[in-house]
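Student: Here's a sequence, model it:
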Amino acid sequence: MHVIADARYRRMRMRVMPDGSVRITVPRRTAVAHAVEFAQSHIEWIRQQQKTARERTVIFTAGAPIKTRCHEITVSHHALNTCRIVRDGAAIHILLPENADITTAAIQQKIKTIVEEVMRSEALNYLPVRMNELALAFGLTFGRITVKNIKTRWGSCSAVNNINLNLHLMQLPDRLIDYVLLHELAHVKEKNHSQRFWDFLEEICPNARQLDKELKQYHCS
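Tutor: Sure thing, here's the model as predicted:
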């Protein structure tokens, strides 16, 4: 449990963090013992929130393939005591020790790191080439292109037309990848989401608003 004193707070507030830890923010000069007592009086709520947090962090399960644009990644167990990655063309097999619990935060993070490394490699090979193709087709120019693990958006275009793209684009259908690229290219001409922006985007990407709605069905991290 982590107790934080903050003068802006007039009463205690408690949160269960994604990793299951408990954070209590208290008014200044509040005794730690009072925070502990407060937590103990809400122990059942804490346990339920921790259970929910664990369920949310279990993204990858054994036997359920993870599909990217160019690969299919599977997770399974094997008899060895180490984690192995076996590549077989477009198939990537993550092999965990037989007694490893895939639901633990550490193993979930390990799988996530491997998946993101695969997507980063794909993105670096595909996105700049495709962006250049689309820019050339519509007579647009941009600055530097960067691929990142962005948590809150699929892409962005800076004031000097440098474009950042999310490596998680590699889990989208091709039509939505193109939509995101064209969306950022449209920002080369229009820096906001005004009607002029959408009118131009519709010129270079017919049915843009429908594609934008479809994109909202996917998570960008």
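Student: any weak-confidence spans in the chain?
Tutor: Along the chain, the model assigns pLDDT under 70 to residues 18-19, 52-58.
Student: What segments of the chain are helices?
Tutor: For the chain, applying DSSP state H gives helices covering 32-40, 43-57, 105-137, 174-189, 195-204, 208-215.
Student: residue contacts, the residue nearest the centre of the chain?
Tutor: Centroid-nearest residue in the chain, with CA atoms, centre = their mean: Ser221, separated by 0.9 Å. Listed by CB atoms under 8 Å, 6 or more residues apart in numbering, the contact set of Ser221 reads 149-152, 166, 168. C-beta coordinates here come from the backbone N, C-alpha and C atoms, glycine included.
Student: any chance of those residues in CSV, plus distance to His77 and neighbour count?
Tutor: Below are the contacts of Ser221 laid out as CSV (distance: CB to CB, whole Å; neighbours: other CB atoms under 10 Å):
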residue, distance to His77, neighbour count
Asn149, 27, 13
Ile150, 33, 18
Lys151, 31, 9
Thr152, 34, 8
Asn166, 31, 24
His168, 27, 22
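Student: Distance check, the residue lying closest to Phe197 once chain neighbours are set aside against Arg175.
Tutor: Closest residue in space to Phe197, ignoring its immediate chain neighbours: Glu190 at 3.8 Å, by CB to CB, 6 or more residues apart in numbering. Distance from Glu190 to Arg175, counting by CB to CB, to the nearest Å: 22 Å.
Student: just to revisit the earlier point, deepest of the helices of the chain, which one?
Tutor: Sort the helices of the chain by mean neighbour count, taking mean count of other CB atoms under 10 Å, and helix 174-189 sits at the top with a mean of 20.
Student: Compute the inter-axis angle for it and helix 195-204.
Tutor: 130 degrees (axes from the mean of the first three to the mean of the last three CA atoms, to 10 degrees).
Student: now what about helix 174-189, what contacts it?
Tutor: For helix 174-189, using CB under 8 Å, 6+ apart, the contacting residues are 69, 127, 130-131, 134-135, 138, 140-142, 154-157, 161, 163, 165, 169-170, 172, 197, 200-201, 204-205, 208, 211-212, 214-215, 218.
Student: before we move on, what about stretch 196-212?
Tutor: Applying CB under 8 Å, 6+ apart, the set of residues contacting stretch 196-212 from outside is 138, 175-176, 178-179, 182-183, 185-187, 189-190.
Student: ok, now with 7 Å
Tutor: Outside stretch 196-212, the residues within contact range by CB atoms under 7 Å, 6 or more residues apart in numbering are 138, 175-176, 179, 182-183, 186, 189-190.
Student: How much space separates the residue nearest to the centre of the chain from Arg15?
Tutor: According to CB to CB, Ser221 and Arg15 sit 20 Å apart.
Student: Val147 contacts His168, correct?
Tutor: No - when contacts are counted by CB atoms under 7 Å, Val147 is not listed as touching His168 (10.2 Å).
Student: Val86 contacts Ile94, correct?
Tutor: No - using CB under 7 Å, Val86 is not in contact with Ile94, being 8.3 Å away.
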